[in-house]
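[1] The following block contains a protein sequence and its predicted model.
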Amino acid sequence: MTIISWIILGLLAGAIAKFLLPGRDPGGFIGTTLIGIAGAFIGGWISSRFLGHPITKHFYDGATWAAAIGGSLVLLIAYRILFGNSRD
């Protein structure tokens with residue numbers, strides 16, 4: 001997949017992660033989007049490096065999507081833990 005595909009996947013993964021973890025985020029929509037993009041990259045890297053599932057060339061691979069959404073969820077939870085009270 002190209003870098004543009006990973007960015008699109010990250011945008012969608014961030015939206016799915018936000019749907020799965022509703023509530024107020026310190027960064028709002030832009031922050032959640034950036035977390036989704038970073039989560040897609042990190043999830044894909046962890047999947048290929050440590051879990052033995054190489055990144056495929058197909059955008060619609062379920063394992064790639066699961067890794068991207070999982071990475072986004074982990075980053076979103078960490079972001080909320082670290083900066084969750086900054087908007088109160």
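    Structure's in. What do you need? Just so we're clear, the structure is a prediction, and the values are computed from it rather than from any experiment.
[2] Show me which residues of the helix or strand of the chain with the lowest mean pLDDT are buried.
    The helix or strand of the chain with the poorest confidence is helix 28-49; it has a mean of 79 (mean pLDDT, DSSP states H and E). Residues 32-44, 47 are the ones in helix 28-49 that count as buried (16 or more other Cβ atoms under 10 Å). All C-beta atoms are positioned from the backbone trio N, CA, C, and that covers glycine.
[3] What of stretch 6-20?
    Buried, per 16+ other Cβ under 10 Å, within stretch 6-20: 6, 9-18.
[4] could those residues be laid out in CSV, adding distance to residue 79, pLDDT and secondary structure?
    Converted to CSV, the buried residues of stretch 6-20 look like this (distance: Cβ to Cβ, whole Å; pLDDT from 0 to 100; DSSP: H, G, I helix; E, B strand; the rest coil):
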residue, distance to residue 79, pLDDT, secondary structure
6, 19, 75, helix
9, 19, 82, helix
10, 14, 81, helix
11, 16, 85, helix
12, 18, 86, helix
13, 14, 84, helix
14, 11, 82, helix
15, 15, 82, helix
16, 16, 84, helix
17, 10, 82, helix
18, 11, 80, helix
